[in-house]
Every structure is written in structure tokens, then in C-alpha cells.
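Visitor: build the 3D model from these lines:
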Amino acid sequence: MVDAADAAEVTAGRVERGGRVAEGLRAYRLIVAMWIRSTMAYRTSFVLTTLGNFATTALDFVAILLMFSRVDALGGYALGEVAFLYGLTSVSFGLADLAIGSMDRLGRRVRDGTLDTLLVRPAPVLAQVAADRFGLRRLGRVTQGALVLGYALATVDIDWTPAKLLLMPVMLVSGAGIFGAVFVAAAAFQFVAQDASEVSNAFTYGGTTLLQYPPTVFARELVRGVTFVVPLAFVNWLPASHVLERPYPLDLPAWVAFAPPAVAVACCALAGLAWRAGLRSYRSTGS
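Guide: Coordinates of the predicted model:
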């Protein structure tokens with residue numbers, strides 16, 4: 001049996017963790033607000049960079065349109081269905097990139113020793129790194145993905161049910177959580193590798209490009225990897241299979257379509273552990 005002292009210790013630990021989370025969120029909110037004020041001081045520059053971000057990301061969908069100018073289906077998926085996959089992953093990734101896309105700068109801070117300045121500040125390091133140079137221009141990617149998703153919903157004949165309607169926002173939020181966890185885990189790896197931003201980009205930017213296409217065009221080994229190793233398939237492939245009434249990749253059971261929230265929570269927990277381990281292993285440059 002757990003005695004009163006043990007119970008009090010567990011409760012105190014939970015309160016302390018909750019306090020750290022609240023402190024981190026407050027620091028993140030303050031830093032983000034500072035960068036937004038700085039960005040909006042130059043409104044013309046903000047509009048131009050946001051439009052540039054919108055146009056750059058739109059080129060990915062233009063490439064898909066060019067493919068469909070030559071074929072009627074891609075891996076058995078029609079244009080509207082591919083647009084559905086594209087919109088889901090683009091919005092999910094865009095939200096994660098908007099929130100914590102600055103994590104990929106951590107390797108540079110580790111190399112030049114500027115991470116030390118964050119360690120001495122009275123705020124959680126993760127919140128500081130995530131909010132550093134918050135790029136409001138990344139709304140361009142989110143907007144472009146949302147427009148493509150809207151096009152897909154307007155063109156694809158979906159037999160809507162309450163479960164499918166509920167799954168739509170769940171997919172977007174869970175997908176953003178999974179991508180966010182990948183950002184944090186990749187940043188934690190840079191404590192060791194220091195110059196591994198391209199490796200992290202392979203899983204973040206490369207991952208979202210992969211998910212823009214149907215799973216049927218890839219080898220089964222690759223699909224297994226992004227399902228059981230780095231579970232990016234839970235961002236859109238698996239839940240979208242339920243919405244589009246398509247066969248599930250790897251002949252997985254139907255319940256996996258509703259697993260993205262649990263997968264996102266598990267990924268965030270593992271990424272948090274990786275971040276703590278990486279931060280504890282950090283050794284200053286001494287400069």
C-alpha cells in the first residue's frame with residue numbers, strides 16, 4: 001500500500017511538473033508576442049514574405065497537378081483524393097512549423113555557444129528555443145494547405161458520418177502534434193550531432209512531402225517505416241483511409257484510423273524524454 005508520505009510526494013511532483021508546463025507556456029507566449037510585434041512593425045515586409053511562403057509551398061501542389069495532366073489516377077487515387085492527403089499534411093505540418101519550426105536552429109546555437117545565454121534565463125529552454133524568431137510568415141503554408149483541403153472536400157464525394165466529421169479536426173490537431181514531436185526529437189539529436197539540421201529536415205520537411213502522395217505508390221518497407229518506426233502515417237494516411245473508404249495500408253485493422261491522438265501523445269512524451277536527455281548531455285563550448 002502507498003502511505004500518506006508517498007502519496008504527498010507524488011502529488012507534489014505532479015504539481016511541480018504542472019507548474020513547469022505553465023511556466024513554459026507563459027514564456028513561450030511572451031516571446032512569441034514579442035516577435036509578432038517586431039514582425040508587424042514592418043507590415044509590407046510581412047505581407048510579401050507570407051505571399052512568398054504561400055507561393056513556394058504551392059509549387060508542390062502544382063507538381064501534382066502536372067502529374068495529373070498526364071494520368072487519371074496516382075496509385076489508384078484520383079486528383080481530389082490526393083488533394084485531400086496533401087491538404088491534411090500541409091495544414092498539420094504548417095501548424096507545427098508555425099509553432100516550433102525554429103527548433104532546427106538549435107544545432108547552430110550548440111556550435112557557437114549561444115545556447116548558454118538561454119540556460120541562464122529564468123525560463124524553460126524548450127520554450128525559448130521553440131519561440132525564438134517566431135515566423136508569422138509561415139501562415140502562408142497553412143493557408144495554402146487549407147485552400148487545397150477545401151478544394152478536396154468540395155470535389156471528393158465523401159459519405160459523411162459523425163465519426164468522419166469528428167475525425168477531421170482530430171487529424172489536423174494530432175498531425176500537428178506528431179510533427180511537433182518530430183521537431184523536438186530532431187532538435188534533441190542536435191545536442192549530439194550539432195550539425196544535423198539536414199537530418200532533421202529529412203523527417204520534417206521530407207516527411208510532409210512523403211505524406212502528400214498516396215501510400216500505394218511507395219514500397220511496403222517504406223510504409224512500414226513511417227507507420228511503426230516514425231509514425232507519420234498516423235498524420236493522414238491511416239485516418240484518411242477511413243474518411244475516403246480506402247483500403248488501409250499494410251492491411252491494418254480499422255481502429256487504427258482513430259489512433260492518431262494516442263500516437264501524438266506518445267510521440268510528444270518520447271520527444272520530451274529525448275529533449276531532457278539531450279539537454280542534460282550538453283556541454284558548453286567554453287567560449
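Visitor: which elements pack onto the helix or strand harbouring G80?
Guide: Assigned by DSSP states H and E, G80 belongs to helix 79-100. In this structure, helix 79-100 packs against helix 43-68, helix 139-155, helix 162-193, helix 205-211, helix 237-244, with contacts taken as 3 or more Cβ pairs under 8 Å, 6 or more residues apart in numbering; DSSP states H and E. Where C-beta positions appear, they are placed from N, C-alpha and C, glycine not excepted.
Visitor: so of these, which one's packed in deepest?
Guide: Ranked by mean neighbour count under mean count of other Cβ atoms under 10 Å, these are led by helix 237-244, which reaches a mean of 24.
Visitor: okay, the angle between that helix and helix 162-193?
Guide: 170 degrees (axes from the mean of the first three to the mean of the last three Cα atoms, to 10 degrees).
Visitor: give me the residues contacting the next helix or strand after helix 237-244.
Guide: Later in the chain than helix 237-244, the nearest helix or strand by DSSP H and E is helix 260-281. If you take Cβ atoms under 8 Å, 6 or more residues apart in numbering as the criterion, helix 260-281 is touched by 125-126, 170-171, 173-175, 177-178, 180-182, 184-185, 187-192, 231, 234-235, 238-239.
Visitor: just the buried positions in helix 260-281, please.
Guide: 260, 263-264, 267-268, 271, 274-275, 278-279 (16 or more other Cβ atoms under 10 Å).
Visitor: poorly predicted segments of the stretch 101-250 of the chain, please.
Guide: 194-196 (pLDDT under 70).
Visitor: got a list of what L25 touches?
Guide: Applying Cβ under 8 Å, 6+ apart, we find L25 in contact with A127.
Visitor: again with I64
Guide: 74, 79, 82-83, 86, 212-213.
Visitor: pretty sure D159 sits against E245.
Guide: Yes - assessed by Cβ atoms under 8 Å, D159 is found in contact with E245 at 7.1 Å.
Visitor: show me which of the buried residues of helix 260-281 is closest to T117.
Guide: L279 (14.6 Å; Cβ to Cβ).
Visitor: would you check how far apart the closest one and F183 are?
Guide: As judged by Cβ to Cβ, to the nearest Å, L279 and F183 stand 15 Å apart.
Visitor: next one: R26
Guide: Taken as Cβ to Cβ, the span from R26 to F183 is 21 Å.
Visitor: just the CA coordinates for stretch 197-214, please, in PDB.
Guide: Below are the C-alpha coordinates for stretch 197-214, written out as PDB (Å, rounded to 0.1, in the frame of the first residue of the first chain):
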ATOM      1  CA  SER A 197      19.800  20.100 -39.400                       C
ATOM      2  CA  GLU A 198      19.600  18.300 -42.800                       C
ATOM      3  CA  VAL A 199      18.900  15.000 -41.000                       C
ATOM      4  CA  SER A 200      16.000  16.600 -39.100                       C
ATOM      5  CA  ASN A 201      14.700  18.200 -42.300                       C
ATOM      6  CA  ALA A 202      14.600  14.700 -43.800                       C
ATOM      7  CA  PHE A 203      12.000  13.700 -41.300                       C
ATOM      8  CA  THR A 204      10.100  17.000 -41.000                       C
ATOM      9  CA  TYR A 205      10.000  18.600 -44.500                       C
ATOM     10  CA  GLY A 206      10.700  15.300 -46.200                       C
ATOM     11  CA  GLY A 207       8.000  13.600 -44.100                       C
ATOM     12  CA  THR A 208       5.300  16.100 -45.200                       C
ATOM     13  CA  THR A 209       6.300  15.700 -48.800                       C
ATOM     14  CA  LEU A 210       6.100  11.900 -48.500                       C
ATOM     15  CA  LEU A 211       2.600  12.100 -47.000                       C
ATOM     16  CA  GLN A 212       1.300  14.300 -49.800                       C
ATOM     17  CA  TYR A 213       1.200  11.200 -52.000                       C
ATOM     18  CA  PRO A 214      -0.800   8.000 -51.600                       C
END
